[in-house]
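A.B. asks: Predicted model and sequence below, questions to follow.
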Amino acid sequence: MQLKPFKAVLPTATGQTKIQTATTDWDHHDTIIQPVSSYYWYELTLNGVHQWRLIASWPIDQTVTTMVPGAINTVLYPQQPVIEMLIDDWVGHFAPIVEVTDTAHVTHRLWQITEPEVNTDITAAMAPVTPQKTWLTTISTPLVMLVSTTEWQKFATAPAIPDQLIAMATPHN
C-alpha cells in the first residue's frame, strides 16, 4: 500500500464537547490543524470491546474495496505483527491527542505518531501489504482507516465515526 503520514485537522476541546453532544454548529474554534504530518492510531471502544485502526493518507481516485464507504474508507488488511508491536509500544508510552465519547457511547481515541522514525517504519511495514478484497468496490478517499481482519471481527456492526473526528488538512483549512 502506498501510505503516507498527513497533516490532520482535529477537534479542539470545544469540538470534542460538540462530538459528545452531537452538536452540528461547528466553527473555526472547534478544530485545529496539526503542524506536522503523522499517522494516527485510532481506538474505538464500545461495551468494553476495543478495535484498533491505522489512519493514513493514500492515493485518491483509485478503485478500492472497502468495508464501510464514507469520507474515510475503511479497508481490511492482513494482520501485520510489526504494526501490532508499534501500536502497543506507542500507546503504552503516550497519551491520546483526542479522547471523546459520542452519543452512541462509543469512545474514540486518537494517538498522533510524531516520531519520524516510527512513521518511516509504518510506511515501510505497510508498503508490501495488499488490502483484502471485499464485496464493496468504490473510489479511494484521501484518508483511509486500515483495520486488520481480526480487529474488524470484534464488532457485529461497525460503530459510526464522528464526521469531525479527523480530516486531512488542505490549503483551505
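C.D. replies: That came in fine, so what should we check first?

A.B. asks: Could you find the closest non-adjacent residue to residue 25?
C.D. replies: Once flanking residues are discounted, residue 25 sits nearest to residue 18: 7.7 Å by CB to CB, 6 or more residues apart in numbering. The way it works is simple: take the backbone N, C-alpha and C, and place the C-beta from them, glycine included.

A.B. asks: Please identify the helix or strand for that neighbour.
C.D. replies: helix 13-21 (DSSP states H and E).

A.B. asks: Give the buried residues for that helix.
C.D. replies: By neighbour count with 16 or more other CB atoms under 10 Å, helix 13-21 contains the buried residues 15, 16, 18, 19.

A.B. asks: strands paired with whatever helix or strand comes next after that helix, and their directions?
C.D. replies: Sequence order places strand 31-33 as the next helix or strand after helix 13-21, per DSSP H and E. Its sheet considered, strand 31-33 pairs with strand 8-11 (antiparallel) by DSSP bridges.

A.B. asks: In CSV, could you pull the C-alpha coordinates for the strand it pairs with?
C.D. replies: Below are the C-alpha coordinates for strand 8-11, written out as CSV (Å, rounded to 0.1, in the frame of the first residue of the first chain):
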residue,chain,number,x,y,z
ALA,A,8,-4.7,16.4,10.2
VAL,A,9,-7.5,18.6,11.3
LEU,A,10,-8.6,17.5,14.8
PRO,A,11,-11.3,18.7,17.2
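
A.B. asks: which residues are contacting the helix or strand that residue 110 is a member of?
C.D. replies: Secondary structure from DSSP H and E places residue 110 in strand 107-113. The contact list for strand 107-113 (CB atoms under 8 Å, 6 or more residues apart in numbering) reads 5, 8, 10, 19, 34, 38-46, 55, 90-91, 94-102, 119, 122, 161-162, 165-166.

A.B. asks: Which secondary structure elements does the helix or strand just after it sit against?
C.D. replies: Next along the chain after strand 107-113, taking DSSP H and E as the criterion, comes helix 116-126. Packing partners of helix 116-126 (3 or more CB pairs under 8 Å, 6 or more residues apart in numbering; DSSP states H and E): strand 39-46, strand 49-57, helix 81-93.

A.B. asks: any idea of the mean pLDDT in the second one?
C.D. replies: The average pLDDT for strand 49-57 rounds to 92.

A.B. asks: Many thanks, I have nothing further to ask.
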